[in-house]
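**Q** any chance you can model this:
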Amino acid sequence: MIAEGGHGEEGSKGRWWNKLVDAEEVKKQVLFSFPTILTNVFFSLIPLVSVMFAGHLGELQLAGANLANSWAKVTGFAVVTQSIYVMPMVFSVIAIVIHIGMAYGLVHWTTLGFKGAPLAASVSLWISVLMLAFTVKCTKSIENTWEGFSFESFDYVLTGLKLALPSATMECLEELPFEILVIMGGLMPNSAKNTSLLAMCVNTQEVGYMVTYGLSAAASTRVSNELGAGNPDRAKNATVANLKLSVLLSFAVILALVYGHNIWAGFFIDSNANYAVLKEEFASMEPLLAISIIVDSVQGVFSGVVRGCGWQHLAVYVNLATFYFVGMTIAGLLGFKFKLYAKGLWIGIICGLSCQASTLLLITVLKKWSQSDLSKKPEQETPVLV
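**A** Residues are numbered from 1 along each chain as shown. Coordinates of the predicted model:
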């Protein structure tokens, strides 16, 4: 009787756990997203390390390096970057190690100074590209990934552009407001301090987003695969599991920030007269950063679902309206009119993120999941694997 009772209790606990989270789905997404998370974080650290080294030269150098890095991301990286996995993760680690040594040497041991950091980042990224090209060419396990140039590839250009252009546009519209905040900080009193503080916040937000972006890619892939297999209910189940994982991971990032914010701030600024002031200001921004990281993780999941369902064109309008008409307007009012300065600007971006996440949630709830918008006439379209 006791054994049976114990067995029944264990079974009920198992059923309770399954109600909380789909263990099988979580396992699939963790195995898929973990290499992507590490790859995203490590690749983003390559230019970020340059920003950190520039920050040790002064506040203006920190702001300038951040703007240059941001402009490169918005106009270049965000347009072309979509999928990276295990081997890129390994190469990104190697590139970071090379980059740290190169950046330190060029900034501190040569006459290049401020210019040495971006030069080191450029060289390191090209080293990573060459290593990836060598791997694709020589690794037998992926030898069928690319079989050389072929005119047949042009048959899929329009189909690919239907996915790529809206995806790149929604990504750029989402990242650009964070860079506009740094520019707006430069228009405020004590511009050097505000731009440096906002640069630190933007890069902290970027690292947090890159941690959860791997789950966004997992959501996109799982949803598109399940919809392609005709399983909309399983696609929705994958979304719920992904959302729980993303929120949990964002809390882990916040805990790391709370207990290690002094160490993190020390990476950006040198121990000078302004160090204590900036460190204190950055600490005061932590509650707002915590909110923005959580909301960003949620919107990342729904952005992944939108991409997986082929609704990128809707997300373009959503990002344009929520970030620029809502977020930037509130940021300008709170930052300049009510003189909240950096805090006011960040509250504005939180409002934009919240409106974006809420709108994307409504789209995922209200729209029909039975088929992708890119496959309404399957007999006329070639299936696209996401």
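**Q** when you work out contacts or count neighbours from here on, use the C-alpha atoms and nothing else.
**A** Will do.
**Q** which positions in stretch 156-165 come out as buried?
**A** Residues of stretch 156-165 classed as buried: 163-164 (neighbour count, 16 or more other C-alpha atoms under 10 Å).
**Q** just the CA atoms of it, as PDB, please.
**A** This file holds the C-alpha atoms of stretch 156-165, laid out as PDB (Å, rounded to 0.1, in the frame of the first residue of the first chain):
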ATOM      1  CA  TYR A 156      15.000  31.200 -55.000                       C
ATOM      2  CA  VAL A 157      16.100  34.800 -54.800                       C
ATOM      3  CA  LEU A 158      12.600  36.300 -54.600                       C
ATOM      4  CA  THR A 159      11.400  33.700 -52.100                       C
ATOM      5  CA  GLY A 160      14.400  34.300 -49.900                       C
ATOM      6  CA  LEU A 161      14.000  38.100 -50.100                       C
ATOM      7  CA  LYS A 162      10.400  37.700 -48.900                       C
ATOM      8  CA  LEU A 163      11.900  36.400 -45.700                       C
ATOM      9  CA  ALA A 164      15.200  38.200 -45.500                       C
ATOM     10  CA  LEU A 165      14.200  41.800 -46.200                       C
END
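**Q** worst-scoring helix or strand of this protein, pLDDT-wise?
**A** The least trusted helix or strand in the chain, going by mean pLDDT, DSSP states H and E, turns out to be helix 2-20, with a mean of 50.
**Q** which element follows that one toward the C-terminus?
**A** Downstream of helix 2-20, the first helix or strand assigned by DSSP states H and E is helix 23-55.
**Q** so which elements touch that next one?
**A** Applying 3 or more C-alpha pairs under 8 Å, 6 or more residues apart in numbering; DSSP states H and E, we find helix 23-55 packed against helix 59-72, helix 86-108, helix 116-138, helix 191-228, helix 232-268.
**Q** buried residues in that helix?
**A** Neighbour-count burial for helix 23-55, with 16+ other C-alpha under 10 Å as criterion, is recorded at 25-26, 29-30, 32-55.
**Q** and the pLDDT at the closest residue to residue 55 other than its chain neighbours?
**A** Closest residue to residue 55 apart from its sequence neighbours, by C-alpha to C-alpha, 6 or more residues apart in numbering: residue 62 at 4.0 Å. We have a pLDDT of 81 for residue 62.
**Q** one more: residue 82?
**A** With respect to pLDDT, residue 82 scores 44.
**Q** do residue 321 as well
**A** On the pLDDT scale, residue 321 is placed at 96.
**Q** against residue 289, how distant is it?
**A** Distance, residue 321 to residue 289, by C-alpha to C-alpha, to the nearest Å: 22 Å.
**Q** check residue 356 too.
**A** Remark: distance between residue 356 and residue 289 (C-alpha to C-alpha) = 17 Å.
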